[in-house]
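Peer 1: Model the structure of this input:
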Amino acid sequence: QVQLVESGGGLVQAGDSLRLSCAASGRTFSRNGMGWFRQVPGKEREFVAAINWSGGSPYYADSVKGRFTISRDNGKNTVYLQMNSLKPEDTAVYYCANGRRATSVRYDYDYWGQGTQVTVSS
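Peer 2: You can find the predicted model right below:
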């Protein structure tokens, strides 16, 4: 079992920055991939960014490339999502997820956090 707890969401204005954190505990060593997804009511959960605990290049959705950065701290079992130049369309509940490897496919992830709300006002 893997437990994931997100934090760092909030209400900001367009152009502001936020950093989300995802603290992982449990059998994290058995699954290498960590991803961030987001969801708004009535829409599918969509991929944002992903990274492997073991390193390598991260992956980003086109909509966030150049604005968001995913990183990891293996010593703290924590993954971060630095979000800069936020836009109203970034408003969503953000979820972190753990799976065998970093991919953009939500069904590749086995464990999910409870989500944290990000609201960007115009």
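Peer 1: now S30, nearest residue through space, not along the chain?
Peer 2: Nearest non-adjacent residue to S30, counting by CB to CB, 6 or more residues apart in numbering: V2, 8.0 Å away. Where C-beta positions appear, they are placed from N, C-alpha and C, glycine not excepted.
Peer 1: Excluding chain neighbours, give the residue nearest to L18 in space.
Peer 2: Nearest residue to L18 in three dimensions, chain neighbours excluded: M83, at 4.9 Å (CB to CB, 6+ apart).
Peer 1: and the gap between the one you found and Y107?
Peer 2: Note on M83: its distance to Y107, by CB to CB, to the nearest Å, is 24 Å.
Peer 1: Point out where this structure drops to low pLDDT.
Peer 2: Filtered on pLDDT under 70, the chain yields the residue ranges 29.
Peer 1: need the strands for it, in chain order.
Peer 2: For the chain, applying DSSP state E gives strands covering 2-7, 10-13, 18-26, 33-39, 46-52, 59-60, 68-73, 78-83, 92-99, 109-112, 116-121.
Peer 1: Measure how the fourth one sits relative to strand 116-121, angle-wise.
Peer 2: In this structure, strand 33-39 runs at an angle of 50 degrees to strand 116-121, with axes from the mean of the first three to the mean of the last three CA atoms, to 10 degrees as the basis.
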